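K.L.:
The sequence and its predicted three-dimensional model are supplied below.
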Amino acid sequence: MACGVKLSFVGKAVVLIVCYLVAGIFSEALAQINKQSNIWYFGSKAGLDFNSGTPTVLTDGAMEAFEGTASIADADGRLLFYSDGTTVWNKQHQVMANGSGLLGSANSAQSCIIVPKPGSQTIYYLFTTDAAGKANGLRY
């Protein structure tokens, strides 16, 4: 070995087991984090639910989006809200309070992105961008 330490068979087995345990812990944590992106809403009232492992078609959305959209779920994969950059809908597909008249654009390829506030499970930032050549730019 490069560090000059020789491991016995048992030592190598212990290192291997520790590596598998650490990898297992991190993969479980990442699986929990990834459930925040298990529900997608886009297009003409369309969506996909990835919670079961196989995508399930959703047709209950309220959004009519031509381009960029964003949605977010909680750690268990339950929809919280979604947006097209101009409007935000809640999990019941109703416009949220102060959720209309946003300065993004439904004609922007990356019209919005939802980012959880670090350290919080209940606060999210919604960043919006306007269409190319417009004056509103990036907003949050």
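P.N.:
Sure, I can see it. The structure presented is a predicted model; accordingly, all values stated were derived computationally and were not measured.
K.L.:
low-confidence ranges in the chain?
P.N.:
Within the chain, the stretches with pLDDT under 70 are 1-33, 131-140.
K.L.:
hey, where'd the strands end up in it?
P.N.:
Using DSSP state E, the strands of the chain run over residues 39-42, 46-49, 56-58, 70-73, 79-83, 87-90, 95-100, 112-116, 124-129, 138-139.
K.L.:
among the ones you listed, which is nearest residue 106?
P.N.:
Nearest of these to residue 106, taken as Cβ to Cβ: strand 87-90 at 8.6 Å. In short, each C-beta sits where N, CA and C put it, glycine included.
K.L.:
That closest one - contacts with which helices or strands?
P.N.:
strand 79-83, strand 95-100 (3 or more Cβ pairs under 8 Å, 6 or more residues apart in numbering; DSSP states H and E).
K.L.:
who touches that strand?
P.N.:
When contacts are defined by Cβ atoms under 8 Å, 6 or more residues apart in numbering, strand 87-90 is touched by residues 41, 61-63, 80-83, 95-96, 99-100, 102, 126.
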